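Student: sequence and predicted structure are below.
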Amino acid sequence: MGDEMSWDLYLSLSGMKFLEFTVWGAWAPVLASRILGPLKMSGKQLGWIYATLPLACVVAPMAAGQIVDRWCPTEFYMAAAHLLGGVFLLAASRATRFTPLFLLMLGHCLCFAPTLAMVNSLTFAHMPNPEVNYFRVRMWGAVSWVLIGWVLSLWRRSGKLQVKSADSLVLAAVCSFVMGLYCFTLPHTPPAHTGAGALAFVKAISLFSDPNFLIFMVISFVVSTQLQFYFLGTSRFLEDIGTSNTAIPAAMSIAQIAQVVAMAVILPPIFKPLGYQWIIPMGVGFWLLMFLLYACMKPRGLVIGSMMLHGLAFAFFFDAAFIYINAAAPTDIRGSAQGLYLAVTSGLGLFVGTQLTGAVMDYFRRDDKFLWRPIFLVPCVLLTLCVLAFALLFRG
């Protein structure tokens, strides 16, 4: 592979990233349609169900970090978490009432959330020159999100399962079981046996004393709250503007195709010349433009095509942020710093975002119809402020 990274290691880490994101990608883009449609739940209930992963991201990575630091190899913990998480997903596929579905999805997410940080920490633990090699491995997570959307669309078209069924949860469970077994093949990553996990996390929090890091984290939090307008609203929005339900998973995969292109082609030559100061606010700008096009509501082809901006934004913002955190944190707390970023963005940010998005969708709901233009103008306002704040205040 060059840069001292062997093909065996590249394929192992890439396979891990690929399978990790099939689990999330199988249900996250499309489960909202089942919740709002056949199950006839409210926007607030939708928000709580989608809040299960952010809630888990706040608490689970810290507890799991203690386990892998002191007693259990990382790959073994990930294997057990995915196998148990698959059981919760299968049970959730049979739930039709809010409380059981919420509790089962929370159980799955408590298993899954720590693995989002662990795939990064395991990658950085074994990968030489992460600034050079990270995008080569991370891109397979985006590829898997694309492919799993296509698989779900083909599954629906085959007639094997009805669209109103919980097919996305069943598929996610299968992917979770496969990932659980695959984890046993990953590079051995033993516990450090230092017992310093909690101290390292406290030390990571001290990074907030750096004004630049504080600005980065605060704006990242605000940006994360706005992403739930995409995750919670897009599938129902596409239905309402005339997109076939069976075509929605494949249509939403446009975003991940764009993310792959960004990581494989666009970012490598411009990353160092532009730096974090411009790459990260450009990512926020892509989301702003996408929501502006959503608010236009037509033509439908332009709306669907605008989802590629989500993929570009994700690569420019989050994937660049992972590298920024790895560079900004001292070597001995990089894993804890990644966990802190996960807690602030995928945890607190997305949780607040689910509540905000659910409330906004309920406010602009008339009977069973949503007023999509004012709904999508809400994130436009906040993202505009974030772009300006990044450009004026952040120095990468």
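Tutor: In hand now; what should we look at?
Student: pLDDT below threshold where in the chain?
Tutor: 1-3, 61-66, 68-70, 131, 157-165, 192-202, 245-246, 249-250, 331-335, 396 (pLDDT under 70).
Student: redo that, cut-off 50
Tutor: 1-2, 163-164, 195-197 (pLDDT under 50).
Student: how about the strands in it?
Tutor: Along the chain, counting by DSSP state E, strands occupy 365-366, 369-370.
Student: just those: most buried one?
Tutor: Mean neighbours per residue, mean count of other CB atoms under 10 Å, is largest over those for strand 369-370, with a mean of 14. Where you see a C-beta, it was placed from the backbone N, CA and C, and this is true even at glycine.
Student: what pairs with that one, parallel or antiparallel?
Tutor: strand 365-366 (antiparallel) (DSSP bridges).
Student: can you pull the contacts of the nearest residue to residue 166 once chain neighbours are set aside?
Tutor: Take residue 166 and drop its neighbours on the chain: the residue closest to it by CB to CB, 6 or more residues apart in numbering is residue 93, 3.8 Å away. By CB atoms under 8 Å, 6 or more residues apart in numbering, the contact set of residue 93 is 166, 169, 170, 173.
Student: phi first, then psi, for residue 93.
Tutor: Backbone torsions for residue 93, taken as degrees, to the nearest 10, come to phi -60, psi -20.
Student: residue 212 against residue 324, yeah?
Tutor: No: between residue 212 and residue 324 there is no contact under CB atoms under 8 Å: 10.0 Å.
Student: which one of those two is surrounded by more residues?
Tutor: Set residue 212 next to residue 324 and count neighbours by other CB atoms under 10 Å: residue 324 wins out with 19 against 15.
Student: neighbours of the closest residue to the more buried one other than its chain neighbours, how many?
Tutor: Spatial nearest neighbour of residue 324, excluding adjacent residues (CB to CB, 6+ apart): residue 276 at 5.1 Å. By other CB under 10 Å, 20 other residues sit near residue 276.
Student: doesn't residue 320 make contact with residue 276?
Tutor: Yes: if you go by CB under 8 Å, residue 276 and residue 320 touch, sitting 6.3 Å apart.
Student: all the helices of the stretch 1-150 of the chain, in order from the start?
Tutor: For the stretch 1-150 of the chain, the helices defined by DSSP state H, counting those that start in this stretch occupy 7-27, 31-36, 43-50, 52-70, 74-92, 98-126, 130-158.
Student: and of those helices, who's closest to residue 244?
Tutor: Evaluated over those, closeness to residue 244 peaks at helix 130-158, with 9.6 Å, by CB to CB.
Student: what residues of the closest one count as buried?
Tutor: 130, 133-149, 151-153, 155-156 (16 or more other CB atoms under 10 Å).
Student: same thing with stretch 268-284?
Tutor: Across stretch 268-284, burial judged by 16+ other CB under 10 Å covers 271, 274, 276, 278, 279, 280, 281, 282, 283, 284.
Student: okay, those in a markdown table with distance to residue 207 next?
Tutor: Listed next are these as a markdown table, based on distance: CB to CB, whole Å:
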| residue | distance to residue 207 |
| --- | --- |
| 271 | 22 |
| 274 | 23 |
| 276 | 15 |
| 278 | 22 |
| 279 | 20 |
| 280 | 17 |
| 281 | 20 |
| 282 | 24 |
| 283 | 21 |
| 284 | 21 |
